[in-house]
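Novice: Pasted the sequence and its predicted model underneath.
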Amino acid sequence: MAKTKREFPHYPKHWQLAYRHAMGWLVTDLVFHTHLGQVHHWNSRHHRKGLGMDYHAHIEPSLTFTGFTRYLIANLKSRAHSNAQFGSDFNLLNFLIGLSFIIGASHFILASILTLISNFSPHSLTSLYFIGSVFFTLAAYLQYFQSINSGESIHGKQHAQKKQWLAWQPHRLDFWVTFSQFIGTLLFNVNTFNGYFPFTDLELSLFIWLPNLLGSLCFQLSGSLALYETSHQFWLWSPKRLEQKMAAINHLGCLFFLGSAFSSSSAANALSPDMLTFSILLTCLGGMCFFSAAVLLCRESIQIPQHSL
């Protein structure tokens, strides 16, 4: 008799499932009662980011940029010397993902501003956009890599688990969040790289505008799923937790990028010559949103333990 495939995530058989929230087969949250009387909360985003069960962010509101930098340097030094953590829990991979998004978004913001205010070299502007898209792809792949290697158990990745560089995991919400974003960044690579070549109007639509539109749609899918993953809804007016703020800001950036793609089409430009300027403005606003969300992700990568607050 064939074995019945267990639902993701796997959890101990003697744990009682008290609450389950999902979108179809894609689970976002679970609450368990153990045989010892304990209560545990599992969340899809916490799982893929390596934050563990029962995760609650302990962020010191008064921590300044200088204080943040001090904690960061101390943790990097402790890792380099294989010493104990210095007063905080530092997630290096999450920090690198956030930093890569910051660099990528900065290039998009700068390129958009230069396009709007000066007669900058088109080749240089294309280079700024392309370099920015490469850093977006790096960040998105790291996030995808993090997700597919987070394990099927509620306890996260097991030490004996072999690393995967590519994987197909359609039964997981976190997979769709990260995979759709990664595909979107690859399409942006195509879109921005093709800006180096002279094209006819038809070729511009096929090789620049179409990848831009498809990439923006992938980003929108990823942003919407990430928002649902943290808040159980596709729109959030007043995000309360840090992860909800990140998801809401990121979702807004995806909307700006999608609006930019539509307004840069030949049909939109036929309606008004100002649509191209409007498209560049939306790209700049989208980049600012991604930059802001990435800064919050870097901030989340350093959590101050409760006893040190």
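Specialist: Good, I have the coordinates.
Novice: how much space is there between Ser263 and Ser238?
Specialist: 29 Å (Cβ to Cβ, to the nearest Å). Bear in mind the C-beta positions are built from the backbone N, C-alpha and C, glycine included.
Novice: Only the C-alpha atoms, please, for whichever helix or strand Asn250 is part of, written as PDB.
Specialist: Per DSSP states H and E, Asn250 falls inside helix 242-263. What follows is helix 242-263, C-alpha atoms only, in PDB (Å, rounded to 0.1, in the frame of the first residue of the first chain):
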ATOM      1  CA  LEU A 242       7.800  44.600  11.700                       C
ATOM      2  CA  GLU A 243       7.300  41.800   9.200                       C
ATOM      3  CA  GLN A 244       3.900  43.200   8.200                       C
ATOM      4  CA  LYS A 245       5.500  46.600   7.600                       C
ATOM      5  CA  MET A 246       8.100  45.000   5.400                       C
ATOM      6  CA  ALA A 247       5.500  43.000   3.400                       C
ATOM      7  CA  ALA A 248       3.200  46.100   3.100                       C
ATOM      8  CA  ILE A 249       6.000  48.400   1.800                       C
ATOM      9  CA  ASN A 250       7.300  45.700  -0.500                       C
ATOM     10  CA  HIS A 251       3.800  45.100  -1.800                       C
ATOM     11  CA  LEU A 252       3.400  48.800  -2.500                       C
ATOM     12  CA  GLY A 253       6.700  48.800  -4.400                       C
ATOM     13  CA  CYS A 254       5.400  45.900  -6.600                       C
ATOM     14  CA  LEU A 255       2.300  47.900  -7.400                       C
ATOM     15  CA  PHE A 256       4.500  50.900  -8.500                       C
ATOM     16  CA  PHE A 257       6.700  48.600 -10.700                       C
ATOM     17  CA  LEU A 258       3.600  47.100 -12.300                       C
ATOM     18  CA  GLY A 259       2.100  50.600 -12.900                       C
ATOM     19  CA  SER A 260       5.400  51.600 -14.400                       C
ATOM     20  CA  ALA A 261       5.400  48.600 -16.800                       C
ATOM     21  CA  PHE A 262       1.800  49.400 -18.000                       C
ATOM     22  CA  SER A 263       2.500  53.100 -18.400                       C
END
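Novice: on that earlier part again, Ser263 and Ser238 - which one has more neighbours?
Specialist: Counting neighbours by other Cβ atoms under 10 Å for Ser263 and for Ser238 shows that Ser263 has the greater number, 22 against 7.
Novice: show me the contacts for the more buried one.
Specialist: Neighbouring residues of Ser263 by Cβ atoms under 8 Å, 6 or more residues apart in numbering: Met275, Leu276, Phe278, Ser279, Leu282.
Novice: what kind of secondary structure is the last one in?
Specialist: Under DSSP: H, G, I helix; E, B strand; the rest coil, Leu282 falls in the helix class.
Novice: residue ranges with poor pLDDT in the stretch 101-250 of the chain?
Specialist: For the stretch 101-250 of the chain, the stretches flagged by pLDDT under 70 are 157-160.
Novice: what helices or strands is the helix or strand containing Phe101 leaning on?
Specialist: Counting by DSSP H and E, the element that carries Phe101 is helix 92-117. Helix 92-117 sits against helix 122-148, helix 275-300, with contacts defined as 3 or more Cβ pairs under 8 Å, 6 or more residues apart in numbering; DSSP states H and E.
Novice: how much does the last one deviate in direction from helix 122-148?
Specialist: Orientation of helix 275-300 against helix 122-148 (axes from the mean of the first three to the mean of the last three Cα atoms, to 10 degrees) gives an angle of 40 degrees.
Novice: now for helix 275-300, which elements pack on it?
Specialist: Counting by 3+ Cβ pairs under 8 Å, 6+ apart, helix 275-300 packs on helix 92-117, helix 242-263, helix 266-271.
Novice: tell me the most buried of those?
Specialist: helix 242-263 (a mean of 22; mean count of other Cβ atoms under 10 Å).
Novice: Can you give the distance of it from its chain's centre?
Specialist: Averaging C-alpha positions (Cα atoms, centre = their mean, to the nearest Å) puts helix 242-263 11 Å from its chain's average.
Novice: Okay, angle between it and helix 92-117 too, please.
Specialist: Using the same axes, to 10 degrees: helix 242-263 against helix 92-117 is 40 degrees.
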